[in-house]
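Enquirer: here is a sequence with its predicted model. Questions after.
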Amino acid sequence: MSLVIDALGPLALVEDLGRPGYGHLGIAPSGAADRASHRLANSIVGNDAAAATLEMLLGGLRAHVTRDVVVVFTGAPAPVAINARPAAFGEPLFLRSGDEIALATPVHGLRTYLGVRGGIDAPAVLGSRSSDPTTGVGPRRLQVGDELAFGADIVGSIPCVDASTAFVRSGDLLLRAVWGPRDDWFTEAARAAFTASSWEVSAEGDRVGVRLLGSPLERSRSGELASEGLVRGAIQVPANGQPIVFLADHPTTGGYPVIAVVRDEDIDHLAQARPGTRVRFVCERRTL
């Protein structure tokens with residue numbers, strides 16, 4: 001009663017919605033980098049939203065199942081095959097015991113999610129099955145030959161879902177953010193440039209964060225900032241003036257000023273941005 005891994009791409013992980021609440025212990029929340037695609041995969045196969053899925057960077061998966069099961073692929077769209085025959089992306093796929101599934105390289109985006117009816121039954125650490133490959137908390141990264149048991153996180157029947165919603169969007173990004181908490185560490189000109197500029201996604205990104213390239217942001221003050229707590233979506237600006245936007249496996253504290261924080265519902269889009277993608281920000285003041 002399992003999914004057996006026959007081949008893998010650059011990185012494949014077991015992920016759920018993460019383990020928030022352990023920042024004081026230095027443990028990142030982790031969880032799916034693109035939570036919307038993770039939740040949709042679970043919805044399509046009738047799972048609880050917190051059921052564990054597989055997150056695959058740039059495709060490359062080949063696997064077979066040892067019992068009948070329903071699966072779905074969401075997120076970065078890529079060609080899918082069952083027993084070497086083309087299959088639908090974003091729609092429930094009914095597999096028989098012994099069937100082989102394959103996922104090619106995505107057409108655009110970075111991360112594709114495999115949802116399995118019942119979820120993946122990996123050992124939980126601090127209440128979560130999420131993997132953090134940076135610190136080693138949670139299940140380790142997948143390897144060829146791994147057998148992943150199916151769980152029992154089913155909440156209902158398999159619904160009718162518009163398959164077009166399973167595809168992440170391509171092209172440039174416009175992300176909503178709120179200023180602060182340390183935007184006062186930057187000049188007025190730097191704050192204006194931050195929202196007026198188009199930033200390029202660097203190749204130096206991972207699940208910890210996305211580095212952006214553009215004209216360096218000038219600080220309004222010198223000196224060092226005491227380490228402060230960080231959240232997913234925080235835009236930290238190190239001494240070189242090039243912003244870093246933190247993702248699921250972000251550090252829990254940092255000493256560089258955070259100029260703004262991306263709205264939680266927008267950060268999933270950045271987790272799918274390939275190097276070279278252009279990003280712009282619209283910032284507003286936080287209201288209480």
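Expert: Sure thing, it's come through.

Enquirer: what comes into contact with the helix or strand containing residue 72?
Expert: Following DSSP states H and E, one finds residue 72 within strand 69-75. Contacts to strand 69-75, defined as C-beta atoms under 8 Å, 6 or more residues apart in numbering, come from residues 3, 34, 37-38, 40-41, 44-46, 65, 80, 89-95, 101, 103, 106, 109, 111-118, 150, 158, 166-168, 272. To be clear about C-beta, it is placed using only N, CA and C from the backbone, and glycine gets the same treatment.

Enquirer: for the residue most central in space within the chain, which non-adjacent residue is spatially closest?
Expert: Centroid-nearest residue in the chain, with C-alpha atoms, centre = their mean: residue 33, separated by 1.3 Å. Residue nearest to residue 33 in three dimensions, not counting chain neighbours: residue 271, with 3.9 Å by C-beta to C-beta, 6 or more residues apart in numbering.

Enquirer: for that neighbour, give its distance to residue 27.
Expert: Using C-beta to C-beta, to the nearest Å, residue 271 is found at 20 Å from residue 27.

Enquirer: same question, residue 43
Expert: For residue 43 relative to residue 27 (C-beta to C-beta), the value is 28 Å.

Enquirer: my guess is residue 107 meets residue 78, correct?
Expert: Yes: the pair residue 107 / residue 78 is scored as a contact, 6.4 Å apart, by C-beta atoms under 8 Å.

Enquirer: more crowded one of the two?
Expert: When residue 107 and residue 78 are compared for neighbours, residue 78 comes out ahead with 22 against 13, by other C-beta atoms under 10 Å.

Enquirer: can you pull the contacts of that one?
Expert: By C-beta under 8 Å, 6+ apart, the contact list for residue 78 reads 59, 89, 103, 104, 105, 106, 107, 112.

Enquirer: state the mean pLDDT of the strand holding residue 72.
Expert: For strand 69-75, mean pLDDT rounds to 96.

Enquirer: helices and strands around the next helix or strand after that strand, which ones?
Expert: Downstream of strand 69-75, the next assigned helix or strand under DSSP H and E is strand 80-82. Judged by 3 or more C-beta pairs under 8 Å, 6 or more residues apart in numbering; DSSP states H and E, the packing partners of strand 80-82 are strand 85-87, strand 93-95, strand 100-103.

Enquirer: need the winner for burial among these.
Expert: Comparing these by mean neighbour count (mean count of other C-beta atoms under 10 Å), strand 100-103 ranks first with a mean of 20.

Enquirer: now do that one: distance to the chain's middle.
Expert: 22 Å (C-alpha atoms, centre = their mean, to the nearest Å).

Enquirer: list the buried ones in the helix or strand just after that strand?
Expert: Note on strand 100-103: by DSSP H and E, the next helix or strand toward the C-terminus is strand 111-116. By neighbour count on 16 or more other C-beta atoms under 10 Å, the buried set for strand 111-116 is 111, 112, 113, 114, 115, 116.

Enquirer: returning to what we had before: between residue 271 and residue 27, who's got more neighbours?
Expert: Between residue 271 and residue 27, counting by other C-beta under 10 Å, residue 271 is the more crowded of the two (26 against 19).

Enquirer: quick one: that one and residue 113 touch, right?
Expert: No: counting by C-beta under 8 Å, residue 271 does not reach residue 113; the two are 11.3 Å apart.

Enquirer: what touches both of those two?
Expert: With C-beta under 8 Å, 6+ apart as the test, residue 271 and residue 113 both reach residue 34.

Enquirer: if we can go back for a sec, widest-spaced pair of the contacts of residue 78?
Expert: With distances taken as C-beta to C-beta, the most widely separated pair in the contacts of residue 78 is 89 and 105, at 12.8 Å.

Enquirer: more neighbours: which of these two?
Expert: residue 89 (22 against 12).

Enquirer: hang on, that one packs against residue 77?
Expert: Yes: the criterion here is C-beta under 8 Å, and residue 89 meets it with residue 77 at 5.4 Å.

Enquirer: quick one: residue 124 and residue 50, what's the gap?
Expert: 11 Å.
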